[in-house]
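> Structure for the following, please:
(chains A, B and C)
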Amino acid sequence: MEITLGLAALKLVGYGLATFGPGLGIGIACYGCCMATARQPELQGRLFTNFIIGAALAEALGLIGFVLAFIV
Amino acid sequence: MEITLGLAALKLVGYGLATFGPGLGIGIACYGCCMATARQPELQGRLFTNFIIGAALAEALGLIGFVLAFIV
Amino acid sequence: MEITLGLAALKLVGYGLATFGPGLGIGIACYGCCMATARQPELQGRLFTNFIIGAALAEALGLIGFVLAFIV
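As a prediction, the model looks like this:
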């Protein structure tokens, strides 16, 4: 039994796996930000900052997967 | 037994994996936005902004997978 | 024994993977919209708008997988 898989063939599969966590994590961060803002409206600026930082960190992981497809 | 998988054969599989996290994340973000809006209706504009930003960040990860199918 | 998986053989598998996340996400968004509408019935229009936007974003990811099956 021989299975032949080239490098390029798995690049997009790898990227697909790389977006799983970040996509889900951003959604959960947004959920937390919205619920917290509704509970303490006067903290909306601070909560939004927290959300953006968390989403940016998660997004970076996905984008690194995109970059990795070109430099591998 | 020989299994040959070329590059193109896995592009759509990779994209399919890439939509899993973002698709789920957008739904969770929308859920949070709706529940928070119901709790604090006067914040609906702010909550909607949070939701759109989170959904756009997650959606970008999925769309990058679509773009990657053409440039890899 | 030789198994050859061509391009077409994995298109439907890829699309199947692509519908998992969005399908689940749309359901969660709809769940949130329904629960929020039940809590604040006077906001039903606004909540429905939120739900439709979130569902459209998630649905787009699935439909792009359908399109990708023809252009890859």
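> Nearest to the spatial middle of chain A, which residue is it?
Residue closest to the average C-alpha location in chain A (Cα atoms, centre = their mean): A:P22, at 2.1 Å.
> in terms of contact, does that one touch A:L61 like I think?
Yes. With contact defined as Cβ atoms under 8 Å, A:P22 counts as touching A:L61 (5.0 Å). No exception for glycine: its C-beta is placed from N, CA and C like everyone else's.
> helix or strand right after the helix or strand of chain A with the lowest mean pLDDT?
The weakest-scoring helix or strand in chain A, judged by mean pLDDT, DSSP states H and E, is strand A:2-5 (a mean of 61). Using DSSP states H and E, the helix or strand that follows strand A:2-5 in sequence is helix A:11-18.
> other SSEs contacting the top helix by length along chain A?
Secondary structure of chain A per DSSP state H: the longest helix is helix A:44-71. In terms of contacts (3 or more Cβ pairs under 8 Å, 6 or more residues apart in numbering or on different chains; DSSP states H and E), helix A:44-71 is packed against helix A:11-18, helix A:20-39, helix B:44-71.
> Show me what counts as buried in it.
Using 16 or more other Cβ atoms under 10 Å in any protein chain shown as the test for burial, helix A:44-71 gives A:44, A:47-48, A:51-52, A:54-55, A:58-59, A:62-63, A:65-66, A:69.
> Might you calculate how far it sits from the centre of the chain?
Between the centre of helix A:44-71 and the centre of its chain there are 6 Å (Cα atoms, centre = their mean, to the nearest Å).
> thinking again about what came up before, turn the helices and strands packed on helix A:44-71 into TSV, including mean pLDDT.
Supplementary listing: these in TSV, determined by pLDDT from 0 to 100:
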stretch	mean pLDDT
helix A:11-18	90
helix A:20-39	95
helix B:44-71	93
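> Could you work out which of the ones you listed reaches nearest to C:Y31?
helix A:20-39 (12.5 Å; Cβ to Cβ).
> near chain B, anything from the closest one?
Yes. For helix A:20-39, a contact with chain B is found by Cβ under 8 Å from any Cβ of the partner chain, at A:20-35, A:37-39.
> Of all the residues in that helix, which ones are buried?
Quick answer for helix A:20-39 (16+ other Cβ under 10 Å): A:20, A:22-38.
> Out of the residues you listed, which are close to chain C?
Near chain C, by the rule Cβ under 8 Å from any Cβ, you find A:23, A:27 out of the buried residues of helix A:20-39.
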